[in-house]
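Colleague: Need the 3D shape of this:
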Amino acid sequence: MDADEEFRWLFINDYPSVVRSTYLVLHDHARAEEIAQDAFVQLLRHWAKVSRYESPSAWLRRVAIRLAVKEARRDQRRLVLTRRDHETPGAPATGGVTEVDEELVAAIRTLSPQQRSVVVLFYYEDRPMDQIAEILGCTPATGWVHLHKARKRLGVILEAEVHSDVD
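Modeller: Take a look at the predicted model:
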């Protein structure tokens, strides 16, 4: 398989999951697609080097998540400025999320971008913490701290016991 075919194969296989992951960080499907496309553009620019990596997919996901977190932080800053001037309108549509999940999605939206990213990568993509740390550019210990704080916050918001899995 030549380099173009390898890139095409990676795009076909990874694009949908990259869009889903970035959507779960941003909560905006159109912007999630833009971020995914930007990540693939960066991958293409660096393809000669990245194609030799053990997992080009992990590099791509790291870039996409970092771009999504950066965009989410921008949104938070804009929201703070907007709230100072106006009352914020209702939350955006969930983009096809079921009613059962709407409460969870709303709770996840309250998390910081880093916590949202860890939750998405750990629970939605079922990635080990070592990979999550590599994607987010932090240590595994920091990743676990973000996950712990996110679980606590979600437990409070959803009024669920954090340690109820012992039943």
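Colleague: What is the worst-scoring helix or strand of the chain on mean pLDDT packed up against?
Modeller: Counting by mean pLDDT, DSSP states H and E, the chain has its least confident helix or strand at helix 99-109, which shows a mean of 73. Judged by 3 or more C-beta pairs under 8 Å, 6 or more residues apart in numbering; DSSP states H and E, the packing partners of helix 99-109 are helix 113-119, helix 140-157. Where you see a C-beta, it was placed from the backbone N, CA and C, and this is true even at glycine.
Colleague: which residues does the nearest residue to Gln115 once chain neighbours are set aside contact?
Modeller: Spatial nearest neighbour of Gln115, chain neighbours left out: Ala150 (3.9 Å); criterion: C-beta to C-beta, 6 or more residues apart in numbering. By C-beta atoms under 8 Å, 6 or more residues apart in numbering, Ala150 lies in contact with Leu111, Gln115, Arg116, Val118, Val119.
Colleague: Would you quantify the distance from Arg151 to His27?
Modeller: Remark: distance between Arg151 and His27 (C-beta to C-beta, to the nearest Å) = 20 Å.
Colleague: more neighbours, those two?
Modeller: His27 (22 against 18; other C-beta atoms under 10 Å).
Colleague: can you list the weak-confidence ranges in the protein?
Modeller: The model of the chain has pLDDT under 70 over residues 76-101, 159-167.
Colleague: and if we set it to 80?
Modeller: Applying pLDDT under 80 to the chain picks out residues 1, 73-104, 158-167.
Colleague: Mind jotting down where the helices sit in it?
Modeller: 3-26, 29-45, 47-50, 56-85, 99-109, 113-119, 129-136, 140-157 (DSSP state H).
Colleague: what about Phe40, how many residues close to it?
Modeller: Phe40: 20 surrounding residues under other C-beta under 10 Å.
Colleague: What is the burial count for the nearest residue to it once chain neighbours are set aside?
Modeller: Nearest non-adjacent residue to Phe40, counting by C-beta to C-beta, 6+ apart: Phe11, 6.1 Å away. Counted with other C-beta under 10 Å, the neighbours of Phe11 add up to 15.
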